[in-house]
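Chemist: When you get a sec, could you give me coordinates for this:
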Amino acid sequence: MNLNLKRDQVPPEQAENWVLNISEEENLTFNLQTPPIVLQKNTYKILAGENENRVRIYLGLEPEMKEGKHVLCAYAVSAFLMGSGDVFRDYENPVFKLEKENINCSPKTAQVLENIRRYRKWRAGNLNADNPWARFRKYIYPKAFLISKYELHEIFIMQNKEEAQISFGIAKTMNALIYPNVKENRAAKDQAMVFDFSQPCPPVCDESSIFNSEENVSD
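Modeler: Numbers count the residues shown, from 1 in each chain. Have a look, this model is predicted:
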């Protein structure tokens, strides 16, 4: 069946497969809770600015566990094109925590970095070394995603939505799935309108960024 897909839109069957793959990983490597990760339109406008900068999303872990699982969180920063190549550098400020109501965490950079490094330790398999699958996480789960401006422009400008939800699925590595609506629990078959044109870190990283520091993390 031929579908008239928008730019960067994932075919529903493919997106469903990615979501089911991450469900299978919950028994092996993905022992995390994932609250809704929401990017609001006002936050997007601040980060994109007049120069239409890209948005980079770093993954972190909350300090407290829930029901025996670590809790995933996410932070968004503005990334600008440096020179004529494909190198995007991060602005250190502002940085927003992507909850249902986005929080400007610029005054709390130390806390942001701590949560990001906690995720890096989980990713490296250091937080629960007794799990024989933990050492494989670094091959599956990125540190961050550099989001294309096209699907965000589609959601916020063309569709005039006030928020977008960022969820995840796995092809070979974890992909960022971007929805123009927010749901607490999304069924695997609920993939009618979802976008993916993110570039994961690695390989698309800003090694000079304070948010990409590998301090105290064994990779």
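Chemist: Give me the residues contacting the one helix or strand Tyr44 maps to.
Modeler: Counting by DSSP states H and E, the element that carries Tyr44 is helix 41-48. Residues outside helix 41-48 that contact it (CB atoms under 8 Å, 6 or more residues apart in numbering): 53-55, 76-78, 94, 96, 98, 102, 149, 152, 156, 161-164. Backbone N, C-alpha and C define where each C-beta goes, glycine included.
Chemist: Please apply the same query to stretch 30-38.
Modeler: Contacts for stretch 30-38 (CB under 8 Å, 6+ apart): 22, 61, 66-67, 69-74, 98-100, 102, 122, 128, 131, 141, 163-168, 182-184.
Chemist: Pull out the buried members of these.
Modeler: Neighbour counting over those (16 or more other CB atoms under 10 Å) leaves 22, 61, 70-74, 98, 102, 122, 141, 163-168, 182 as the buried ones.
Chemist: can you pull the buried residues of the one helix or strand in the chain whose mean pLDDT sits lowest?
Modeler: Among the helices and strands of the chain, strand 198-201 carries the lowest confidence by mean pLDDT, DSSP states H and E, at a mean of 78. For strand 198-201, burial by neighbour count (16+ other CB under 10 Å) applies to 198-201.
Chemist: Leaving out sequence neighbours, find the closest residue to Ser209.
Modeler: Spatially, and ignoring its direct neighbours in sequence, Ser209 is nearest to Asp90 (4.1 Å; CB to CB, 6 or more residues apart in numbering).
Chemist: list the contacts for that neighbour?
Modeler: Applying CB under 8 Å, 6+ apart, the residues near Asp90 are 56, 77-79, 206, 209-212.
Chemist: wait, which of the residues you listed is closest to Arg137?
Modeler: Asn212 (17.4 Å; CB to CB).
Chemist: quick one: that closest one and Cys201 touch, right?
Modeler: Yes. In terms of CB atoms under 8 Å, Asn212 counts as a neighbour of Cys201; the distance is 7.2 Å.
Chemist: which residues do the two both contact?
Modeler: What both Asn212 and Cys201 touch, as defined by CB under 8 Å, 6+ apart, is the set 143-144.
Chemist: residue ranges with poor pLDDT in this protein?
Modeler: Within the chain, the segments meeting pLDDT under 70 span 1-3, 84-85, 196-197, 214-219.
Chemist: Which stretches in it count as strands?
Modeler: Along the chain, counting by DSSP state E, strands occupy 32-33, 38-40, 54-61, 70-81, 88-97, 103-104, 144-147, 163-170, 174-179, 198-201.
Chemist: So for Asn17, which of those sits nearest?
Modeler: Between the strands of the chain, strand 163-170 lies closest to Asn17; by CB to CB that is 7.8 Å.
Chemist: Any idea how far that closest one is from the middle of the chain?
Modeler: Relative to its parent chain, strand 163-170 has a centroid offset of 7 Å by CA atoms, centre = their mean, to the nearest Å.
Chemist: Please apply the same query to stretch 143-159.
Modeler: Distance, centroid of stretch 143-159 to centroid of chain: 12 Å (CA atoms, centre = their mean).
Chemist: Put the alpha carbons of that stretch into PDB.
Modeler: The C-alpha trace of stretch 143-159 is given here as PDB (Å, rounded to 0.1, in the frame of the first residue of the first chain):
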ATOM      1  CA  LYS A 143      23.700   9.800  24.500                       C
ATOM      2  CA  ALA A 144      21.700  12.400  22.700                       C
ATOM      3  CA  PHE A 145      19.700  13.200  19.600                       C
ATOM      4  CA  LEU A 146      20.200  16.100  17.200                       C
ATOM      5  CA  ILE A 147      16.600  16.800  16.000                       C
ATOM      6  CA  SER A 148      16.000  17.900  12.400                       C
ATOM      7  CA  LYS A 149      14.100  21.100  12.100                       C
ATOM      8  CA  TYR A 150      11.800  19.700   9.500                       C
ATOM      9  CA  GLU A 151       9.500  17.600  11.600                       C
ATOM     10  CA  LEU A 152       9.400  20.300  14.300                       C
ATOM     11  CA  HIS A 153       8.500  22.900  11.700                       C
ATOM     12  CA  GLU A 154       5.800  20.500  10.500                       C
ATOM     13  CA  ILE A 155       4.400  20.000  13.900                       C
ATOM     14  CA  PHE A 156       4.600  23.500  15.400                       C
ATOM     15  CA  ILE A 157       4.300  25.700  12.300                       C
ATOM     16  CA  MET A 158       2.400  23.700   9.600                       C
ATOM     17  CA  GLN A 159       0.100  21.800  12.000                       C
END
